[in-house]
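[1] Fold the following, please.
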Amino acid sequence: MSDAGKILEELNDRSREVFRRVVDSYLLNGEPVGSRSLTREMSEKVSAATVRNVMQDLEYLGLLSSPHVSAGRLPTQEGLRMFVDGLLEVSNLGDADREMIDATVTGNSQDVTDVLDRVGSALSGVTRGASLVLAPKHEAPIKHIEFVSLAQDRALVVLVFADGNVENRIFTPPPGQTPSSMREAANFLNALIEGKTLSDLRTRFSKEINARRQEIDVLARELVDSGLAVWDREGEAPERLIVRGRSNLLGGDGDEGDLERIRELFDDLERKRDIADFLELADEGEGVRIFIGSENKLFSLSGSSLVVSPYMNADRKIVGAVGVIGPTRLNYGRIVPIVDYTAQLVGKLISDRG
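    Take a look at the predicted model:
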């Protein structure tokens, strides 16, 4: 049993009720709660002094903190952890939430990433937080590849897989690209592509470029390298992580310090591109996991909470994850079943599409 679990077992009924009511109040409104307010809510008739003494004991145990002298109490990170592990009551998934999430996977779109993007938007809308969806890495053989110039610093690469899936990705091409160099790069790749996955192709095209250096100009070689690295660069695949609902965390009337930590969260995400860490958070068995504050190593600077669950393919192999990130006073009881259901739905989608 964890230290938090031992402490919870040792609390008497009154201490447990006071602790639970402090946490419930914090999750509801984010404000400290005082002994007088709790006295009116207690299941037994007790004085404010008695409740105050209990709160002091809970503070001594490291479960509550007092932001100001003579102010009410808030749960600490350790207190929230103990609440989530031992006292959290998870609600059932609401019909409206289920319908909104289900609606994202209807239709005949062959672009899995497009569907996952809609899933992320729905998850953000339902939870009013920021959603994270880690898309699976597609390793089916490629049928066709095409590069399309969108602007001087933006290009689109279209991958058509042998299993019918289509993936579109925007990337920044090397300077000096022209439509003709992009066509040349695509023609070069399509001549090599039959029966090859992206991983196969990366190994082969570097050898082919060296062997046939005169058949493709320098700019086209750079474009090939840049385009394929968008998917398959070791440890760095930013397009696999779909983030939606950033405005849900950056907007509103929250404390400026909290907003700055949220900005740091997304700056950290955009700077580090540490996708492997996100999947690792969910990679220790099935089911939903909750990371509170500094427990969340991917966004440790922000002090936010992450509710995340892996999803699996038809071979029961973890291939991605979905999650919701928000302030530590997330409504965990409601968010957990939403994330769990979404992960199962995405897993079924991935399994059905091979």
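[2] just for the stretch 101-250 of the chain, where's the confidence low?
    With pLDDT under 70 as the threshold, the stretch 101-250 of the chain has low-confidence stretches at 107-110, 137-139, 199, 202, 205-239, 250.
[3] Let me see the ranges of the helices in it.
    The residue ranges that make up the helices of the stretch 101-250 of the chain, judged by DSSP state H, counting those that start in this stretch, are 112-127, 179-192, 198-211, 218-232, 246-250.
[4] could you dump the first one to CSV, C-alpha only?
    Listed next in CSV are the C-alpha coordinates belonging to helix 112-127 (Å, rounded to 0.1, in the frame of the first residue of the first chain):
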residue,chain,number,x,y,z
VAL,A,112,-7.4,8.2,-40.1
THR,A,113,-5.7,11.3,-38.9
ASP,A,114,-8.7,13.4,-40.1
VAL,A,115,-10.9,11.2,-37.9
LEU,A,116,-8.6,11.5,-35.0
ASP,A,117,-8.5,15.2,-35.4
ARG,A,118,-12.3,15.3,-35.1
VAL,A,119,-12.1,13.0,-32.1
GLY,A,120,-9.7,15.5,-30.5
SER,A,121,-12.0,18.4,-31.2
ALA,A,122,-14.9,16.5,-29.7
LEU,A,123,-12.9,15.5,-26.6
SER,A,124,-11.9,19.1,-26.1
GLY,A,125,-15.5,20.3,-26.5
VAL,A,126,-17.0,17.7,-24.1
THR,A,127,-14.4,18.2,-21.4
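[5] Offset the numbering so it begins at 54, please.
    From this message on, residue numbering opens at 54, which makes the last subject helix 165-180.
[6] what about it, distance to the chain center?
    11 Å (C-alpha atoms, centre = their mean, to the nearest Å).
[7] For that helix, give me every contacting residue.
    150, 153-154, 156-158, 160, 162, 183-186, 188-189, 191, 218, 220-221, 292, 295-298, 301, 375, 377, 379, 387-388, 391-392, 395, 398-399, 402-403, 406 (C-beta atoms under 8 Å, 6 or more residues apart in numbering). The C-beta positions use only the backbone N, C-alpha and C, and glycine is treated the same way.
[8] what do you get if the cut-off is 6 Å, keeping everything else the same?
    Residues outside helix 165-180 that contact it (C-beta atoms under 6 Å, 6 or more residues apart in numbering) are 150, 153-154, 157-158, 162, 184, 186, 188, 218, 220, 295, 297-298, 377, 388, 391, 395.
[9] and it, which residues are buried?
    For helix 165-180, the buried set under the neighbour-count rule, 16 or more other C-beta atoms under 10 Å, comprises 165-166, 168-180.
[10] Can you spell out which residues form a bridge with residue 183?
    residue 378 (DSSP bridges).
[11] Let me know whether it touches residue 378 as I believe.
    Yes - contact criterion C-beta atoms under 6 Å: residue 183 and residue 378 qualify, at 5.0 Å.
[12] Compare those two (neighbour count), which wins?
    Counting neighbours by other C-beta atoms under 10 Å for residue 183 and for residue 378 shows that residue 378 has the greater number, 30 against 26.
[13] Now do whichever strand or helix holds residue 74: which elements does it pack against?
    Counting by DSSP states H and E, the element that carries residue 74 is helix 66-82. Using 3 or more C-beta pairs under 6 Å, 6 or more residues apart in numbering; DSSP states H and E as the contact definition, the elements that helix 66-82 packs against are helix 101-113, strand 127-128.
[14] Fine, thanks again, bye for now.
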